[in-house]
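K.L.:
for reference, the sequence and a predicted model appear below.
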Amino acid sequence: MTLSKGEELATLVGPCVTEIAPTPGLLVWDALQREGIEPDPPSTVSAPPPDISDRQFAQALALDGTITEAEALAWAARGELPQAMEDALDQIPDADNLRFGARMMLAAATTYERHHPLTEQLGALLINPATGKPYDAAALDALWTRAAAL
């Protein structure tokens, strides 16, 4: 289908969001370029980091220096939590068994989700030795990405 300049394709009733992805080789993009139209590229939204295994999580934290290699092995093999995790868990309120639930999840989970509510909370309580600061959202994303590659 070919539209003439100014011709409408559809009438939309909002709110609506439309984007034209700047991908060379696509007919729409090529046609816009021939007309001298260069739309702003859409903001880049990266895919969320994938879930990672308990082994990947423990290994990535050990490689960061947040926990020791021996602690990573004991955690992945037997569910023994590293001291840094125990220290972080001690800072979680014990109301409604939140601390116990968090401890059970960390000790027994076989996969870890980046966007689980506990992830942000624990990240804020763990110190990343590389930066000397807690794991913020960007640092957690980077940790998950590194772990997924292990």
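P.N.:
Perfect, thanks for sending it.

K.L.:
show me where this structure has its helices.
P.N.:
Secondary structure of the chain by DSSP state H: the helices cover 27-34, 54-64, 69-78, 83-90, 98-108, 117-125, 137-148.

K.L.:
quick one: the longest one to chain centroid distance?
P.N.:
This means helix 137-148. Its chain's C-alpha centre and that of helix 137-148 lie 6 Å apart, by CA atoms, centre = their mean, to the nearest Å.

K.L.:
give me the neighbour count for residue 130.
P.N.:
For residue 130, the tally of surrounding residues (other CB atoms under 10 Å) stands at 11. The way it works is simple: take the backbone N, C-alpha and C, and place the C-beta from them, glycine included.

K.L.:
who are the contact partners of residue 144?
P.N.:
Contacts for residue 144 were tallied using CB atoms under 8 Å, 6 or more residues apart in numbering; they are 49-50, 52, 114.

K.L.:
repeat that with 10 Å
P.N.:
By CB atoms under 10 Å, 6 or more residues apart in numbering, the residues touching residue 144 are 48-52, 56-57, 60, 112-115, 119.

K.L.:
now, which of these sits nearest residue 97?
P.N.:
Checking the contacts of residue 144 against residue 97 with CB to CB, the nearest one is residue 119 at 18.8 Å.
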